[in-house]
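# Sequence and predicted structure are below.
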Amino acid sequence: MTNRCTTAQSTEAVRRWAPPAIVTLAATAALTALAAAPPADAAPRQAPPEHTIEGAAPRNAGEPVMAIVSIKSQKVTFYDADGWVLRAPVSTGTTGRETPAGVFSVLQKDKDHHSSLYDDAWMPNMLRITWNGLALHGGPLPGYAASHGCVRMPFGFAEKLFDKVRIGTRVIISPNDAEPVEFSHPALFVPKSKAIAAAPVRAETLAREADEAAKIAQETKNAAALAVKEAAPLTAALRKLELAKTGADAALAAVEKTLAAARTDEARARAEDQKQKAAAKVEELQTQLDAAKANPKLAAAAAAQNAAKAAETRKADAAKAASEAKLALEPVSVFISRATQKLYVRRSTHQRLPDGGEMFDTTIEVPVTIRNPDKPIGTHVITAMARTDAGLRWTAVTIDNADDAKAALDRITFPQDVLDRIAPTAVPRSSLIISDEPLHRETNYRTEFVVALNNQPQGGIITRPRSPDIRVARRDDFGFGWGGWGFNNTFGRSGQYYDPRQSNRNYYQRLQRWF
């Protein structure tokens, strides 16, 4: 393989001493050598898939609801409520860093993203689908799988698409070709028109009640703090009296033991006298203690503290109710795993996080009954595409077929209490995912669901260490400006890509790679 450091030094020598004609001749020879002799450790190229032409549906397109990436055909298709709207060729992960097949959603958008994992690589119009580094983004398309796990799309296509896709858009990555088909089943969520109509008003009302409860809780907390402060001297005096009373009780008990053990009249008389004094002290302290406890300020402080605790409980209950009412306005995603025999619910809270993502509600996680739990069930994504007079119109996408989607749903018994909470206000973009797989470890509070097919390669979802710093020369060290060519680097097809915004000089940087 080419020694990058040696190449950079040779390059500098040619620039300094050779005339322009010799420079041109040397560059041409280097280009020919690089094209003719790929690195010895390069992975064998995969057979090129059937060529996909970038295109758009000949109709007015709605907002994309889902994207389906076909690893086999190296293409991506975006769908709105009425069918496909955009399609384009892609480049997915190469051998060892394969793009994982499974179910994802858009977690973050970044118009001008630079990878923190792969050495500041430029990933324009990035739509993140996992937090460990998988995304859809603009990039070079060599005509075959060549990325480090991401899905590269044509630069112009990614740019046009960026503003059309919202956070939460479903992304399905299939090992083969797949498409949504119309689907119906008695187990699917059936929203209630009255519940949907009432949901916004209910959410607004409960939000006001939650705000009021929070205000009252704060006022009650402040009042309790003031009452406790005013009663602090009395509380300290009361604590001293309690300690003194405890000591007096102990002294009386000791004297009584001494009296019981006395063997002479003199010893008994002395012990009896001590007992009377100790008993008098206990009685005196008890009187003082009772008087201190009866102080109105202490009673007021205790009542204020109890009121603050009760107000805090009401605040928490009101906030929970308001949150549930607000979530009822959002699309609901349900995942049923045969591996864990559980049902999980996710809904976006729209609470933005510092990294640009959003927090998801994860409060519902319950056991679910699956008939014949040892039999594979497949992986199916069932999505509510639009409203209808009867409720919702659904489609199903199957990417790992053991049962078909209907047979899979036939085997599941939904917990009625969960249905009661989520079905009445189900809206378009709601989804039901059924899979043999468990939730992937990438699933957390800032993701919806990440489901990866274990019978497919997952190289691209594995976090890898950063590359070491090396000295490289920029593409324009020879002044040719040949779209990323130079003695120091190879064209984008081999993994390098030039970011034209970087300066044209030698400097230390990390190897830039696309993934």
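Sure, I can see it.

# ok, and for whatever helix or strand Lys240 lives in, which residues are buried?
Secondary structure assignment for Lys240, by DSSP states H and E: helix 232-261. Neighbour-count burial for helix 232-261, with 16 or more other C-beta atoms under 10 Å as criterion, is recorded at Leu234, Thr235, Leu238, Leu241, Ala244, Lys245, Ala248, Ala251, Leu252, Val255, Thr258, Leu259. Where C-beta positions appear, they are placed from N, C-alpha and C, glycine not excepted.

# can you tell me how far the fourth one sits from Ala225?
In this case it means Leu241. Going from Leu241 to Ala225 by C-beta to C-beta, to the nearest Å gives 24 Å.

# mind showing which ranges of the stretch 101-250 of the chain have poor pLDDT?
115-120 (pLDDT under 70).

# All the helices of it, residue numbers only.
Assigned by DSSP state H, counting those that start in this stretch, the helices in the stretch 101-250 of the chain fall at 155-162, 193-230, 232-261.

# what distance separates the shortest one from the centre of its chain?
Relative to its parent chain, helix 155-162 has a centroid offset of 24 Å by C-alpha atoms, centre = their mean, to the nearest Å.

# Next: the longest one.
Once both centres are worked out by C-alpha atoms, centre = their mean, helix 193-230 turns out to sit 29 Å from its chain's centre.

# and the angle for it with helix 232-261?
When axes from the mean of the first three to the mean of the last three C-alpha atoms, to 10 degrees is applied, the directions of helix 193-230 and helix 232-261 differ by 70 degrees.

# by contact count, what packs against helix 193-230?
Contacting helix 193-230 under the criterion 3 or more C-beta pairs under 8 Å, 6 or more residues apart in numbering; DSSP states H and E are the following elements: helix 296-327.

# Quick one: residues in contact with the helix or strand just after the helix it packs on.
Beyond helix 296-327 in the direction of the C-terminus, DSSP H and E gives the next helix or strand as strand 333-337. Judged by C-beta atoms under 8 Å, 6 or more residues apart in numbering, the contacts made with strand 333-337 from elsewhere in the structure are 105, 342-347, 368, 370, 412, 422, 430-439, 448-449, 451.

# Looking at the buried residues of helix 232-261, which one is closest to Asp403?
Nearest to Asp403, judged by C-beta to C-beta, of the buried residues of helix 232-261 is Thr235 at 67.7 Å.

# Run through the residues that contact that closest one.
Val228, Leu298, Ala301.

# quick one: which of these has the most company?
Per-residue neighbour counts (other C-beta atoms under 10 Å) across these peak at Ala301, which has 22 neighbours.

# wait, doesn't that one sit right on Ala231?
Yes. Using C-beta atoms under 8 Å, Ala301 makes contact with Ala231 at a distance of 4.0 Å.

# quick one: secondary structure of Thr349?
Taken by DSSP: H, G, I helix; E, B strand; the rest coil, the conformation at Thr349 corresponds to strand.

# tell me, how many neighbours does it end up with?
Using other C-beta under 10 Å, Thr349 has 15 neighbouring residues.

# Name all residues that make contact with it.
Thr349 touches Ser323, Lys326, Leu327, Glu358, Met359, Phe360, Asp361, counting by C-beta under 8 Å, 6+ apart.

# Then Asp82?
For Asp82, the set of contacting residues under the criterion of C-beta under 8 Å, 6+ apart consists of Arg59, Gly62, Met385, Ala386.

# Distance-wise, check it relative to Lys109.
Applying C-beta to C-beta to Asp82 and Lys109 gives a distance of 24 Å.

# Then Glu230?
Computed as C-beta to C-beta, the Glu230 to Lys109 distance reads 54 Å.

# quick one, which of these two is more surrounded?
Lys109 (19 against 15).

# ok, the more buried one to Asp355 distance?
Using C-beta to C-beta, Lys109 is found at 12 Å from Asp355.

# ok, now Val368?
Taken as C-beta to C-beta, the spacing of Val368 relative to Asp355 amounts to 32 Å.

# Comparing these two, which shows the higher neighbour count?
With neighbours defined as other C-beta under 10 Å, Val368 and Asp355 compare such that Val368 has more, 19 against 12.

# Any stretches of this protein with poor pLDDT?
1-51, 115-120, 463-515.

# Restricting to C-alpha, output stretch 342-349 in CSV.
Taking C-alpha atoms only, stretch 342-349 is exported to CSV below (Å, rounded to 0.1, in the frame of the first residue of the first chain):
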residue,chain,number,x,y,z
LYS,A,342,-42.9,-7.6,26.4
LEU,A,343,-44.8,-4.7,24.9
TYR,A,344,-43.1,-1.3,24.9
VAL,A,345,-44.6,2.1,24.1
ARG,A,346,-42.8,5.2,22.9
ARG,A,347,-44.1,8.7,22.3
SER,A,348,-42.1,11.9,21.7
THR,A,349,-42.3,14.5,24.4
